[in-house]
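# pasting the sequence and the predicted model now:
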There are 2 protein chains.
Amino acid sequence: MTEFRLLATDGLARRGILTTAHGPIQTPAFMPVGTQATVKGMLPEQVAATGAEIILGNTYHLMLRPGPDIVAGLGGLHHFMNWPGPILTDSGGFQVMSLAGLRKLEESGVTFRSHLDGSSHHLTPERSIAIQHQLDADITMCFDECTPWPATETQAALSMRLSMRWARRCREAFINRPGYGLFGIVQGSIYPMLREESADSLLREGFDGYAVGGLAVGEGQELMLKTLDATVPMLPTNKPRYLMGVGRPSDIVRAVARGIDMFDCVMPTRSGRTGQGFTRRGTINLRNARHAADPRPLAQDCHCPACRSHSRAYLHHLFKAQEMLGPILLTWHNLTHFQDLMAGLRAAITEGQLATFIANFERDEGEGDIETAPNLAPDIAINLDASHV
Amino acid sequence: MTEFRLLATDGLARRGILTTAHGPIQTPAFMPVGTQATVKGMLPEQVAATGAEIILGNTYHLMLRPGPDIVAGLGGLHHFMNWPGPILTDSGGFQVMSLAGLRKLEESGVTFRSHLDGSSHHLTPERSIAIQHQLDADITMCFDECTPWPATETQAALSMRLSMRWARRCREAFINRPGYGLFGIVQGSIYPMLREESADSLLREGFDGYAVGGLAVGEGQELMLKTLDATVPMLPTNKPRYLMGVGRPSDIVRAVARGIDMFDCVMPTRSGRTGQGFTRRGTINLRNARHAADPRPLAQDCHCPACRSHSRAYLHHLFKAQEMLGPILLTWHNLTHFQDLMAGLRAAITEGQLATFIANFERDEGEGDIETAPNLAPDIAINLDASHV
């Protein structure tokens, strides 16, 4: 059992606290993705310094390498990766479909071949729950089939109903402990009737939180938001709601306005590794030659180390020279940007100012980056931080 | 002019302070290599946290990318990479020989093609000094030819005498400023007579420090130490002595005992990226399967983040999973190990205990790693650091 307390609402948007065995999470929350027991390129204390309170781990990856027995033998995933805060693990269902080879889907579960070495594995609802228990996940996700996009209503119904039968088996298999929660996942693709059937089915079982799955798989923002409009009102108000695999800042802002409490996405970390920086004024490609001599920080108002101590010119150089420090700094920046966005959303909801916050957000994104430095006076350039020697 | 003050000696070994425009350096000192305006995988404040007071930059790499004008336009290398401490730059001579294509060596300098894009460049003693000035190096190195190994005495003499003529031109070209020094480089391969001729030639010009070049190029430790035995006594006691490109901990310890004050080497950073960890008991390959479930830190007595907060099992996992955090943590550890070695050498010289220090060093290296955990009791495992959330 995890506990969820609502602190404030603003329209459909909610401000809350989710309490787990490893600490509280302020919602709406963004969870950085730590696929293989590490948020790529970041020390765990750096992840915490961005404001992240909870990270996501991947059951599929960790079951294959290093294996759940190794992680459990070293005290669980928190201890193994030195992240003392809450951890949510996905069930492995998504990666089995997206990464593994030679899948065989049956009522019992999925047989698949590892993308690492071709070895054969069988993952069932019961096995997924057991592995997540071994990993010591604060929040365990039900094992489901993420319905592919596009799917006909018939395909989506068959897939959703299998996931609902599996959800019942997950509920059975999950060992309830204080501070440890199990989340169900609503499926049904873009079909409101199926979403309703799925939500009803999960509510009959009763979960500690409800995820909306099967979105952000190619349907586009408009259909995603439409599906949220139809789905979220079916979910209980006293449990957290998690939109899986989402998303861009504009997706997050709009989903929060529709009552979503939790998010995860590889975007800030993956984009950070390829030179894409998120700012209030949209994304900036630091590999672009226009940054080569620009003394300004990536984002003038950002407090991350990349913006506090380094110029766009330096970040550009690091990416051109393929230096590890480029991905490190830009990942740090992007995670900071996402966490600052969540902090802003939380404050706006508390103050009943979400509409204004969203209007400002959309205005800033619309304006775009200031492409050339208005002047190169020292006051707009970064200042050398002499404090560390 | 940089200033060098001797604080203590123990046999031939020296404990000193070298004062530069960007701060003092305690010697004997190890300089991490920051080839492309970054010590690979490390934030500058992390490099400083290992105890490093000075880093090395590469003229060859920086002249090609991002170019000295860009670096100068952004306030010099310290500002560009946010390293406020002292920086020594090599002259580019070594990389022209080891990396560039289609070299043409003439009395005037070297014409070469960039290893990045094949563009043609001409590097002369004057140009190298001018670039190092643009980079704002605290310590500028003379442009020389690093005599290849092996070389006959005739080859070594011709090469050394060219370097000496170039050293004179470097001395001429260098603009003296308080806190900025120019170091000459003794060449002459393994031939004591040539080393003497080279040292005499440099001493006539007068430099702020004297490097021993052309070693650690394949001759082996025995010949290297023999050449140091013959060369170091020819150098003035009131200037720092720098053994270029060295080396393993055992090389450093033995060179310090012979009166060397400064070192640089890619070994701790490069090895860190490939899974080799330095410990008092020798190097450890963390990719080895014996570490897969080992809860012990890499080095029990090390205070770096990798050893303080992570197990060998976790480091092993990161390298097997090709996660960036593996190289990051192991680079941090290795740099810490090298800086701790230097701090130990400095303390030993101050106390007149260098012989004991070296005996202990050799005993520990000889013992090798404790291959299996004697037991897996929690007291020898790392403890979860809960302080950062």
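Cool, got the structure.

# can you give me phi and psi for A:Glu197?
Note on A:Glu197: backbone dihedrals following degrees, to the nearest 10 are phi -60, psi -40.

# my bad, should have said A:Gly213
Main-chain torsions, A:Gly213, degrees, to the nearest 10: phi -110, psi 180.

# what is the burial count for it?
The tally of other residues near A:Gly213 (other CB atoms under 10 Å in any protein chain shown) stands at 31. Using the backbone N, CA and C atoms, a C-beta is placed for each residue, glycine as well.

# read off the pLDDT value for it.
Reading off the confidence values, A:Gly213 has pLDDT 97.

# what of the one 10 residues further on?
A:Leu223 carries a pLDDT score of 97 in this model.

# isn't there a strand covering A:Phe278?
Yes. When DSSP: H, G, I helix; E, B strand; the rest coil is applied, A:Phe278 is found to be in a strand.

# once you drop chain neighbours, what's closest to it?
Here the nearest residue to A:Phe278 in space, its sequence neighbours aside, is A:His337; by CB to CB, 6 or more residues apart in numbering or on different chains that works out to 4.5 Å.

# and the strand or helix carrying the one you found, how far from the chain's centre?
Here A:His337, judged by DSSP states H and E, is contained in helix A:325-350. Computed by CA atoms, centre = their mean, to the nearest Å, the chain-centroid distance of helix A:325-350 equals 12 Å.

# right, and the helix or strand after that helix?
Elements were assigned by DSSP H and E; along the chain past helix A:325-350, the next helix or strand is helix A:354-367.

# before we move on, the earlier item: could you check the angle helix B:325-350 makes with the helix holding A:His337?
Comparing the axes of helix A:325-350 and helix B:325-350 via axes from the mean of the first three to the mean of the last three CA atoms, to 10 degrees yields an angle of 110 degrees.

# show me what contacts the nearest residue to A:Leu12 once chain neighbours are set aside?
Here the nearest residue to A:Leu12 in space, its sequence neighbours aside, is A:Gly259; by CB to CB, 6+ apart that works out to 4.1 Å. By CB atoms under 8 Å, 6 or more residues apart in numbering or on different chains, the residues touching A:Gly259 are A:12-14, A:228, A:232-233, A:235, A:241.

# could you tell me the phi and psi values at A:Gly259?
Main-chain dihedrals, A:Gly259, degrees, to the nearest 10: phi 100, psi 20.

# next: A:Asp90.
Here the main-chain torsion angles of A:Asp90 (degrees, to the nearest 10) amount to phi -70, psi 170.

# that one against A:Asn58, yeah?
Yes. When contacts are counted by CB atoms under 8 Å, A:Asp90 is listed as touching A:Asn58 (5.9 Å).

# burial check on the closest residue to A:Met31 other than its chain neighbours, number of neighbours?
Taking CB to CB, 6+ apart as the measure, A:Met31 lies nearest to A:Asp264, with 4.1 Å between them; neighbours along the chain are not counted. For A:Asp264, the count of nearby residues is 23 (other CB under 10 Å).

# who's in contact with A:Asp264?
A:30-33, A:56, A:88, A:242, A:244-246.

# what about 10 Å?
Residues in contact with A:Asp264 (CB atoms under 10 Å, 6 or more residues apart in numbering or on different chains) are A:29-34, A:54-56, A:88, A:90, A:211, A:242-247.

# phi and psi next, for it.
Main-chain dihedrals, A:Asp264, degrees, to the nearest 10: phi -140, psi 150.

# so how far is chain B from it?
Using CB to the nearest CB, to the nearest Å, one obtains 18 Å as the distance from A:Asp264 to chain B.

# then A:Thr227?
According to CB to the nearest CB, A:Thr227 stands 34 Å off from chain B.

# where along the stretch 151-300 of chain A do the helices fall?
All helices of the stretch 151-300 of chain A, identified by DSSP state H, counting those that start in this stretch, fall at A:153-173, A:192-205, A:221-231, A:249-256, A:267-274.

# other residues contacting the lowest-mean-pLDDT helix or strand in chain A?
Comparing helices and strands within chain A by mean pLDDT, DSSP states H and E singles out strand A:101-105 as the least confident, with a mean of 86. Around strand A:101-105, the neighbours that count as contacts under CB under 10 Å, 6+ apart are A:96-97, A:110-115, A:118, A:120, A:122-123, A:145, A:159, A:162.

# ranking the contacts of A:Gly259 by neighbours, who comes first?
Most surrounded of the contacts of A:Gly259: other CB under 10 Å gives A:Arg241, at 27 neighbours.

# contact partners for that residue?
Neighbouring residues of A:Arg241 by CB under 10 Å, 6+ apart: A:4, A:14, A:16, A:27-28, A:183, A:186, A:209-212, A:228, A:231-232, A:235, A:255, A:258-262.

# go on, A:Ala355?
Applying CB under 10 Å, 6+ apart to A:Ala355 gives the contacts A:10-11, A:13, A:257, A:348.

# how much space separates it from A:Phe361?
11 Å (CB to CB, to the nearest Å).

# between those two, which contacts overlap?
Common neighbours of A:Ala355 and A:Phe361 are listed as A:Ala348 (criterion: CB under 10 Å, 6+ apart).

# pLDDT score assigned to the residue nearest to A:Met31?
98.

# quick check: the gap between it and A:Ile252.
In this structure, A:Asp264 lies at 11 Å from A:Ile252, with CB to CB as the measure.

# report the set of residues contacting both of these two.
Here A:Asp264 and A:Ile252 have A:30, A:243, A:246 as joint contacts, going by CB under 10 Å, 6+ apart.

# right, and A:Val246 touches A:Glu219 too?
No. A:Val246 is not in contact with A:Glu219 according to CB atoms under 10 Å; the separation is 11.5 Å.

# who's more crowded, these two?
A:Val246 (23 against 16).

# contacting residues around that one?
Under the criterion of CB under 10 Å, 6+ apart, the neighbours of A:Val246 are A:30, A:212, A:215-216, A:221, A:224, A:228, A:252, A:254-255, A:260, A:262-265, A:267.
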